[in-house]
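>>> mind folding the following:
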Amino acid sequence: GNMRNDMKHGKWSEYYPDGHTETGPYINGVREGEWSCSDSNGKACHTGTYVAGKKNGSWKEWSADGLLHQGCYLDDAKTGIWTISDATGKILTEGSYLYGKKDGEWKQYDDTGNIINLKLYKEDEIVTP
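Just a heads-up that it's a prediction; the model follows:
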């Protein structure tokens, strides 16, 4: 990438000791715009948008076991509905976040789409009736 006034500017690729690479633009030393990550084998880790150096908007994150976690960020905190899907796109888990913490109903589904587990969360804690 380039430097401007001793700050990262323009498109950068950053390489980490564990082998993963993150690529995207900087504006005046701050992450801004669409960023992506790939692991040491070139497989996607995450894609999403930064606004003023913070995760904002729609993000996709792949866990080591290949599951896709998909939802939105607001100022670096998960917010709204997030889903976890398998490689075929089938939703396994669905729930909501508020200020980065699980909040409300979280549902797990079986192979046919029936709810097999339902938990209610408030500030990341399970609410018991």
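>>> show me the beta-bridge partners of residue 122.
Judged by DSSP bridges, the bridge partners of residue 122 are residue 125.
>>> tally of neighbours for it?
Per other CB atoms under 10 Å, the neighbour tally for residue 122 reads 12. To be clear about C-beta, it is placed using only N, CA and C from the backbone, and glycine gets the same treatment.
>>> ok, now residue 1?
Using other CB under 10 Å, residue 1 is surrounded by 13 other residues.
>>> wait, it touches residue 9, no?
Yes - with contact defined as CB atoms under 8 Å, residue 1 reaches residue 9; the gap is 7.3 Å.
>>> between the two, what contacts are shared?
Residues touching both residue 1 and residue 9 by CB atoms under 8 Å, 6 or more residues apart in numbering: residue 26.
>>> which stretches of this protein form strands?
Taking DSSP state E, the strands of the chain run over residues 2-4, 7-15, 21-27, 30-31, 33-38, 44-51, 54-62, 68-74, 77-85, 91-98, 101-109, 115-122, 125-126.
>>> give the pairing partners of the fifth one; include direction for each.
Strands flanking strand 33-38 in the sheet, each with its direction: strand 21-27 (antiparallel), strand 44-51 (antiparallel) (DSSP bridges).
>>> with mean pLDDT added, can I get the ones you listed in a markdown table?
Output for the strands paired with strand 33-38, formatted as a markdown table (pLDDT from 0 to 100):
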| stretch | mean pLDDT |
| --- | --- |
| strand 21-27 | 97 |
| strand 44-51 | 97 |
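>>> distance to residue 79 for these - can I get that in TSV?
As requested, the strands paired with strand 33-38 are exported to TSV (distance: least, CB to CB, whole Å):
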stretch	distance to residue 79
strand 21-27	21
strand 44-51	13
